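> Sequence first, then the predicted structure, then my questions.
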Amino acid sequence: MKIRAIQLGMLRAPLKTPFITALRRVDQVEDVVVMVHTDSGHVGYGGAPATAAITGDTHGSIIDAIRHYIAPPLIGQDIADLNHLVDLIQGAMERNTSAKAAVDIAIHDLWGQLHGAPLYQLLGGGRPVLTTDMTISVDGIDKMVADAVAAVERSFDALKIKLGKDTGQDIDRVKAIHAAVAGRARLRLDANQGWTAKQAVHVLQTLEAAGIEPELVEQPVQARDLAGMRYVAERVRTPVMADESVFGPIDVIELIRLRAADIINIKLMKAGGIAHALKIADIAALHGAACMIGCMLESSLGVAAAAHVAVARSRVITRVDLDGPLLCQADPVDGGIGFDGPTLSITDAPGLGIRGIRGLERLDE
Ligand SMILES: C[C@H](N)C(=O)N[C@@H](CCC(=O)O)C(=O)O
Ligand SMILES: [Mg+2]
């Protein structure tokens, strides 16, 4: 099975309600779609959203990186040589992790199809069912409480509360949500880099003193401020999770060496795809650090790939934040994964099991 052509497209899916974090506000998912065609007539699907505020990648940069740097060396290569293909993708250029992830996902989809098995089975197996949390966008307190209660009523027992706008209001937000859902949902706090280290300690110690024990706090301070991450981790009971501070395997080694976080949020769009996400999970496991599998605001193309990774590394990936497709009015991806409330199930079709994408806009050269 040899790579014949790599085609690009755009997928757009309006959200049910705006997605708002300390970093950005978005109204729709927009993924660059990668379709890798083989001489055997198979198609491998991958995708990447542009999360410029986190990865630095834009739709234009993703398309350009794939067209001019990542795709050309792959043409004519054999899908059976997965490690070689991963080396070509990762070595094609510096950074551009979203573009690399989109192509890496499509190649892994084909590798699964080549072997006639769902990807998670080839990566080590596991039970193909996960439970995701639900994200509550940062907003006015009443709106956040209403969104949190609605999520709990839909059976979500873990809520990811977006914060990081204003420390005083953030404390009030968490107190109000805690009062509304206490005992029915675990609270995961995500400041998306919005606090200083001292502010983070103040927010968390105030909540802890009020008898609120969040399950974790995600990326309280600026991505590069590993000393700040450690400062927070040393002063609060709430476990600290690194998100924007950790992109690839090397970052994890540094983070663990500095003891700057307790938990690592693995995202394919930061890692550059499945191969490096697996490496991160394996490094974390060796050091006894726990992981979450996360996603950007993206469709079930990338989320399906992340789900296969989470299932195959379920001993170390103990938390799941794969709610991107659930935030959309409708997910245009056919096949792959399905949701029933917070329960995410993977089909047993070969590879990622993607059958097609409704309303795909083709991007021609
Ligand atoms: C969608 C997911 N629950 C999430 O919150 N992901 C990110 C933000 C992604 C984005 O801005 O697209 C996170 O910070 O964890
Ligand atoms: Mg985060």
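Ah, there it is. Ligands and ions are numbered 1, 2, ... in the order given.
> so what's Ile256 up against?
For Ile256, the contacting residues are Ile283, Ala284, His287, Ala289, by CB atoms under 8 Å, 6 or more residues apart in numbering. Every residue, glycine included, has its C-beta placed from N, CA and C.
> Tell me how many other residues crowd the first one.
The number of residues packed near Ile283 is 20, by other CB atoms under 10 Å.
> same check, this time on Pro128
Other residues lying near Pro128 total 19 when counted by other CB under 10 Å.
> list the contacts for it?
Per CB under 8 Å, 6+ apart, neighbours of Pro128: Pro118, Tyr120, Ala307, Val311, Ser345, Ile346, Asp348.
> Backbone dihedrals for the closest residue to the first one other than its chain neighbours, please?
Yep, that's Pro118 we're talking about. Distances taken as CB to CB, 6 or more residues apart in numbering put Asp348 closest to Pro118, at 5.4 Å, once the chain neighbours are dropped. Here is the backbone geometry of Asp348 (degrees, to the nearest 10): phi -100, psi 20.
> Domain ranges for this structure, per the record?
Residue ranges for the domains of the chain, per automatic domain parsing: 3-116+358-362, 122-356.
> okay if I get those domains as CSV plus mean pLDDT?
Shown next, in CSV, are these (pLDDT from 0 to 100):
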stretch, mean pLDDT
domain 3-116+358-362, 98
domain 122-356, 98
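> can these go into TSV with extra columns for distance to ligand 1?
As requested, the domains of the chain are exported to TSV (distance: least, CB to the nearest ligand atom, whole Å):
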stretch	distance to ligand 1
domain 3-116+358-362	5
domain 122-356	4
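> Now do the helices in the chain.
Per DSSP state H, the chain carries helices over the ranges 59-65, 82-91, 97-115, 119-122, 141-153, 167-181, 197-209, 226-235, 249-258, 268-271, 274-286, 300-312.
> Please tabulate those in JSON lines, including the columns distance to Lys16.
Formatted as JSON lines, those follow (distance: least, CB to CB, whole Å):
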{"stretch": "helix 59-65", "distance to Lys16": "22"}
{"stretch": "helix 82-91", "distance to Lys16": "34"}
{"stretch": "helix 97-115", "distance to Lys16": "24"}
{"stretch": "helix 119-122", "distance to Lys16": "28"}
{"stretch": "helix 141-153", "distance to Lys16": "10"}
{"stretch": "helix 167-181", "distance to Lys16": "19"}
{"stretch": "helix 197-209", "distance to Lys16": "28"}
{"stretch": "helix 226-235", "distance to Lys16": "33"}
{"stretch": "helix 249-258", "distance to Lys16": "33"}
{"stretch": "helix 268-271", "distance to Lys16": "22"}
{"stretch": "helix 274-286", "distance to Lys16": "28"}
{"stretch": "helix 300-312", "distance to Lys16": "15"}
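> Spatially, what comes nearest to Gly356 if we skip its sequence neighbours?
Among residues not flanking Gly356 along the chain, Asp334 sits closest, at 4.9 Å (CB to CB, 6+ apart).
> In contact with Ala151, which residues?
Listed by CB under 8 Å, 6+ apart, the contact partners of Ala151 are Met134, Ile136, Leu159, Ala185.
> What distance do you get for it to Thr132?
11 Å (CB to CB, to the nearest Å).
> cool, Ala180 as well?
Using CB to CB, we find Ala180 at a distance of 20 Å from Thr132.
> The two: which is more packed in?
Using other CB under 10 Å as the criterion, Ala180 and Thr132 rank with Thr132 on top: 27 against 15.
> which ones are touching that one?
Contacts of Thr132 by CB under 8 Å, 6+ apart are Phe156, Ala158, Val320, Asp321, Leu322, Asp323, Leu326, Phe339, Pro342, Leu344.
> and of the residues you listed, the nearest to Met35?
Closest to Met35 out of the contacts of Thr132 is Leu322 (22.4 Å), distances taken as CB to CB.
> isn't that closest one right next to Gly302, touching?
No. Using CB atoms under 8 Å, Leu322 is not in contact with Gly302; the gap is 9.3 Å.
> Quickly list what's touching both of the two.
With CB under 8 Å, 6+ apart as the test, Leu322 and Gly302 both reach Cys295.
> re the thing from before, so can I have JSON lines of the domains of the chain showing distance to ligand 2?
As requested, the domains of the chain are exported to JSON lines (distance: least, CB to the ion, whole Å):
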{"stretch": "domain 3-116+358-362", "distance to ligand 2": "8"}
{"stretch": "domain 122-356", "distance to ligand 2": "4"}
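> chain center to stretch 239-259: distance?
15 Å (CA atoms, centre = their mean, to the nearest Å).
> CA atoms only: put it into CSV for me.
Extracted C-alpha coordinates of stretch 239-259, given in CSV (Å, rounded to 0.1, in the frame of the first residue of the first chain):
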residue,chain,number,x,y,z
PRO,A,239,-3.0,18.7,41.6
VAL,A,240,-1.4,20.9,38.9
MET,A,241,-1.8,19.8,35.3
ALA,A,242,0.4,21.1,32.5
ASP,A,243,-1.3,21.8,29.2
GLU,A,244,0.3,24.7,27.1
SER,A,245,3.6,24.1,28.9
VAL,A,246,3.9,20.6,27.3
PHE,A,247,4.0,20.0,23.6
GLY,A,248,6.3,17.1,22.9
PRO,A,249,8.2,14.3,24.6
ILE,A,250,11.2,16.6,25.4
ASP,A,251,9.0,19.0,27.2
VAL,A,252,7.6,16.2,29.4
ILE,A,253,11.1,15.2,30.4
GLU,A,254,11.9,18.8,31.4
LEU,A,255,8.6,19.2,33.3
ILE,A,256,9.1,16.0,35.3
ARG,A,257,12.8,16.9,36.0
LEU,A,258,11.7,20.3,37.4
ARG,A,259,8.7,18.8,39.2
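> Appreciated, that's everything.
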